[in-house]
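1. quick one, structure for this:
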Amino acid sequence: MTLSPDEGEDQVPVSIRLGTVVPPEDPEDWSRPLTWVAAIGMLAGPLAAVAWLQVARPTGSGSLLPGAVTIAVALVAGAVLTGGTQIRRGWAFAGTLGAGLFGALLTVLAGTVMAGERQLGVASPTLALSFVAAAAGAAGALTAALTTFGLANAARGWLRWLPSGTLGIAAAVIVARVLESG
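-> So this is what the prediction gives:
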């Protein structure tokens with residue numbers, strides 16, 4: 001890309017003019033409290049899954065609902081917590097949904113790793129629990145993200161988190177019940 005002298009070098013980013021990549025002026029600082037809140041929010045569901053699977057590993061498909069609901073609620077609460085750290089509507093939506101999907105993926109991975117039993121043709125109860133919890137948590141996170149998007153400019157703090165979390169948790173419980181019964 002060449003510019004004529006009348007266009008000026010001010011229109012070309014410094015990194016291109018210098019031929020190297022210049023680091024951002026404000027890199028992510030892990031000493032900020034909101035960074036830790038967002039990180040803990042993304043990991044709330046997977047940590048709940050690991051704890052549940054350590055304490056009360058499912059033995060059959062009939063005992064999935066309590067664990068699935070507990071893990072899905074943690075997943076949604078963490079997603080709402082992560083999205084609540086954002087100020088703008090789009091970022092709040094993306095933060096909530098992204099944290100929920102990331103937590104759901106890690107929840108399924110935790111269930112896969114912690115499933116001591118391997119079965120062909122049918123999923124183990126541990127994997128089934130993690131899948132039901134992840135699907136319900138992702139549905140709840142989507143509901144919470146849509147609510148957060150609608151409330152981002154209208155409310156701050158817990159006035160935005162409480163309705164988003166309540167609706168997201170309700171959606172997660174409904175989806176967990178439907179998936180567990182089917």
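2. what residues are up against residue 79?
-> Residues in contact with residue 79 (CB atoms under 8 Å, 6 or more residues apart in numbering) are 41-42, 45, 96-97, 99-100, 103, 137, 140-141, 144-145, 168. Where C-beta positions appear, they are placed from N, C-alpha and C, glycine not excepted.
3. now it. Nearest residue, chain neighbours left out?
-> In space, and not counting its chain neighbours, residue 79 is closest to residue 100: 3.7 Å by CB to CB, 6 or more residues apart in numbering.
4. check what pLDDT that neighbour gets.
-> pLDDT for residue 100: 95.
5. show me what whichever strand or helix holds it is packed up against.
-> For residue 100, the element it lies in under DSSP states H and E is helix 89-114. If contacts are counted by 3 or more CB pairs under 8 Å, 6 or more residues apart in numbering; DSSP states H and E, helix 89-114 sits against helix 33-55, helix 65-83, helix 125-151.
6. can you give me the buried ones in the second one?
-> Within helix 65-83, the residues scored as buried using 16 or more other CB atoms under 10 Å are 65, 67-83.
7. closest one of the contacts of residue 79 to residue 55?
-> Nearest to residue 55 among those, counting by CB to CB, is residue 45 at 15.8 Å.
8. contacts only, for that closest one.
-> Residues near residue 45 by CB under 8 Å, 6+ apart: 71-72, 74-76, 78-79, 100, 103-104, 106-107, 133-134, 137.
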